[in-house]
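Student: A structural model of the following input is requested.
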Amino acid sequence: MAPWRLSTRTQAPCGPRPHDRGMLWSDPENEPPDEMRDMQAMLRRAGIVLALAMVLAMFAVGLH
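Tutor: Reported below is the predicted structural model:
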């Protein structure tokens with residue numbers, strides 16, 4: 001037996017069994033709160049504005 005082989009006692013434990021995968025209580029809603037949705041929309045708009053500002057800044061630097 002090679003010295004680099006691991007015994008079964010040193011292996012990581014197996015994952016949960018299929019019947020154990022459910023939660024003990026009811027599953028939470030899949031919808032994010034309104035505040036989080038508003039924040040995501042605002043960050044999306046800010047990302048677009050920053051991307052356009054970078055393109056304009058690179059264009060302005062290229063003109064000089």
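
Student: And the average pLDDT for the strand or helix carrying Glu35 is what?
Tutor: Following DSSP states H and E, one finds Glu35 within helix 34-63. When pLDDT is averaged along helix 34-63, the result is 96.

Student: which strands and helices sit next to that helix?
Tutor: Where contact means 3 or more CB pairs under 8 Å, 6 or more residues apart in numbering; DSSP states H and E, helix 34-63 is not packed against any helix or strand. In this view, the C-beta of every residue, glycine as well, is placed from N, C-alpha and C.

Student: Count the residues that sit near Val61.
Tutor: When counting by other CB atoms under 10 Å, one arrives at 8 neighbours for Val61.

Student: Distance of Glu35 relative to Gly47?
Tutor: 19 Å (CB to CB, to the nearest Å).

Student: actually Gly62, not the one I typed
Tutor: Here Gly62 is placed at a distance of 23 Å from Gly47 (CB to CB).

Student: So for those two, which sits in the more crowded spot?
Tutor: Neighbours were counted for Gly62 and for Gly47 using other CB under 10 Å; Gly47 has more, 10 against 7.

Student: SS state for Glu29?
Tutor: Local secondary structure at Glu29 is given as coil here, using DSSP: H, G, I helix; E, B strand; the rest coil.

Student: count of residues packed around it?
Tutor: With other CB under 10 Å as criterion, Glu29 counts 7.

Student: any idea of the pLDDT on it?
Tutor: At Glu29, the model reports a pLDDT of 70.
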